[in-house]
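Enquirer: With the input below, show me the fold.
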Amino acid sequence: MVHCTECGREQSDETKFCRYCGERTPGPDLTAQLRREAAAIQQVKQSGANLTPTNPQSSVRTGQRLGGA
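Expert: Take a look at the predicted model:
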């Protein structure tokens, strides 16, 4: 089963448009890619690998505006 990217409701894999909101659903290629990525994430979680960044401060915003004012 695949989920609509707009409303999140579950659809059959063959559905091209969401029967609830009408949004186009992911195609079979994208669905297969997402399933592979989800399986890889599950493997990493099960292996207990540490996924925290080595420098957590690098992704923190400073609050400073670009370009002056």
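
Enquirer: so where's the protein uncertain?
Expert: Applying pLDDT under 70 to the chain picks out residues 49-69.

Enquirer: Please repeat the previous calculation with a cut-off of 80.
Expert: 1, 48-69 (pLDDT under 80).

Enquirer: can you give me the helices for it?
Expert: 28-47 (DSSP state H).

Enquirer: quick one, strands of it?
Expert: Ranges of strands in the chain, per DSSP state E, are 2-3, 10-11.

Enquirer: Using a markdown table, please lay out those together with mean neighbour count and distance to Cys18.
Expert: The way it works is simple: take the backbone N, C-alpha and C, and place the C-beta from them, glycine included. Shown next, in a markdown table, are these (neighbours: other CB atoms under 10 Å; distance: least, CB to CB, whole Å):
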| stretch | mean neighbour count | distance to Cys18 |
| --- | --- | --- |
| strand 2-3 | 17 | 9 |
| strand 10-11 | 14 | 6 |
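
Enquirer: number of nearby residues for the closest residue to Cys18 other than its chain neighbours?
Expert: Leaving aside its sequence neighbours, Cys18 sits nearest to Cys4 (CB to CB, 6 or more residues apart in numbering; 4.1 Å). Neighbours of Cys4 under the rule other CB atoms under 10 Å: 20.

Enquirer: Angles on the backbone of Cys4, please.
Expert: The phi/psi pair for Cys4 (degrees, to the nearest 10) reads phi -60, psi 140.

Enquirer: Roughly how far does it sit from Thr25?
Expert: Using CB to CB, to the nearest Å, Cys4 is found at 6 Å from Thr25.

Enquirer: So for these two, which residues contact both of them?
Expert: Residues touching both Cys4 and Thr25 by CB atoms under 8 Å, 6 or more residues apart in numbering: 11, 18.
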